[in-house]
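J.: Fold the following for me, if possible:
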Amino acid sequence: MPRPPRPLPPTLPQVFTAADASTAGVTRGRLSARDLDAPFRGVRVRRDTDGAAPHDEDTPDEIARRNILGRVRAHALVLPPPAFYTGTTALAIHGLPFPDADAAASADLDVAVPAPHRALRRTGITAVQISPMLVHTTVRAGLPVATPASAWAMLAREHTVRDLVVIGDAIIRVPRDGWGRRRPDAQHAGLEKLAAAVSAGRRCGIAKLRAALPLLRTGSMSPLETDWRLSLIGTGLPEPELDVEVRAPDGRLLGISDGAFVTHRVAVEIEGDHHRTSRRQWVRDLEKYSDYVNLGWDVVRLSAAHIRHDPSRGVALVRAALARRGWHA
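T.: Presented below is the predicted three-dimensional model:
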């Protein structure tokens, strides 16, 4: 039976550099032991403390984000200035949605350097060089990263217009707190920041950015809601208002609807899986929709199946509700 590796000095954290280990008296041979991973050159990670296991209720985005951030924390130890994170790695750092969570989880980390610095060439890293006039950077959670607007613009190199709209909506949306109050201070960036990134100069994917920019809306609160809104384009249906407060005659807030055709009193609710799995959410939905009906509203409830798998069905449900309320093309 092989002898277990000698214990590491307690001063070494979960993730550490080979240089720090050497300073602590750890030999090169010990750094090659089976209880350590080497995700990047010069970095070691203790295998017995590699983070919490995923939960069954975790979304693909949450799983991908945890995977990416774990690798970023290791790589950041050897990231040389003035390099910074961009691409899907920046999306993970900023807490933004991924165009494809499964692909993001398995992809290399995205690192950029401003010209004239040369792009890094390392295993596990996709590196690019970019003109300083085309990017702004910030520091988030101690990590150098492209700002949300710059990261969005740089994604145009390899992503579709639809992807850019979904991510752009997430950047410019104005979140709400637990009491339904808007939080402009929590917005990642305003639309003007994304417009400035588009007008900063020619870059790879500029035509896609120009096509995506006028399609962005501040009230789309999730990628599924953005997909629904985009599914209405070209159908002849009017564009809905987003993130709409529905109030009783006395001003009491009855609910906040994902989309609404206010003139016709038709509300559209985009229901993710938590509407099914959370009893609290389910009870709240029942009360909300009852209040809406009593106020004279028609409610259309759409799931991911209506939007992503059979969008024509979702469009037909909205069209029928509007027709009942006197709308015609």
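
J.: Which residue ranges of this protein form strands?
T.: For the chain, applying DSSP state E gives strands covering 15-17, 36-37, 43-46, 84-85, 109-114, 125-130, 137-140, 143-146, 241-247, 253-261, 266-270, 298-302.

J.: now, of the ones you listed, which is deepest in the fold?
T.: Mean neighbour count (mean count of other C-beta atoms under 10 Å) peaks for strand 84-85 among those, with a mean of 26. (C-beta placed from N, C-alpha, C; glycine too.)

J.: Mind putting the strands of the chain into JSON lines with distance to Arg181?
T.: Listed next are the strands of the chain as JSON lines, based on distance: least, C-beta to C-beta, whole Å:
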{"stretch": "strand 15-17", "distance to Arg181": "38"}
{"stretch": "strand 36-37", "distance to Arg181": "44"}
{"stretch": "strand 43-46", "distance to Arg181": "41"}
{"stretch": "strand 84-85", "distance to Arg181": "32"}
{"stretch": "strand 109-114", "distance to Arg181": "35"}
{"stretch": "strand 125-130", "distance to Arg181": "38"}
{"stretch": "strand 137-140", "distance to Arg181": "24"}
{"stretch": "strand 143-146", "distance to Arg181": "28"}
{"stretch": "strand 241-247", "distance to Arg181": "10"}
{"stretch": "strand 253-261", "distance to Arg181": "10"}
{"stretch": "strand 266-270", "distance to Arg181": "20"}
{"stretch": "strand 298-302", "distance to Arg181": "23"}
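
J.: Can you lay out the ones you listed as a markdown table showing distance to Pro223 and mean pLDDT?
T.: Formatted as a markdown table, the strands of the chain follow (distance: least, C-beta to C-beta, whole Å; pLDDT from 0 to 100):
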| stretch | distance to Pro223 | mean pLDDT |
| --- | --- | --- |
| strand 15-17 | 31 | 96 |
| strand 36-37 | 32 | 96 |
| strand 43-46 | 31 | 96 |
| strand 84-85 | 21 | 98 |
| strand 109-114 | 20 | 98 |
| strand 125-130 | 23 | 96 |
| strand 137-140 | 21 | 98 |
| strand 143-146 | 20 | 98 |
| strand 241-247 | 13 | 96 |
| strand 253-261 | 12 | 95 |
| strand 266-270 | 10 | 96 |
| strand 298-302 | 14 | 95 |
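
J.: got the contact list for the residue lying closest to Ala105 once chain neighbours are set aside?
T.: Spatially, and ignoring its direct neighbours in sequence, Ala105 is nearest to Ala64 (3.8 Å; C-beta to C-beta, 6 or more residues apart in numbering). The contact partners of Ala64, by C-beta atoms under 8 Å, 6 or more residues apart in numbering, come to 92, 98, 101-102, 104-105.

J.: Write a ChimeraX command that selects only the buried members of the residues you listed.
T.: With 16 or more other C-beta atoms under 10 Å as the criterion, this ChimeraX line picks the buried residues out of the contacts of Ala64:
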select :92,98,101,104,105
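
J.: farthest-separated two in the contacts of Ala64?
T.: Ala92 and Asp102 (13.7 Å; C-beta to C-beta).

J.: I appreciate the help and will end here.
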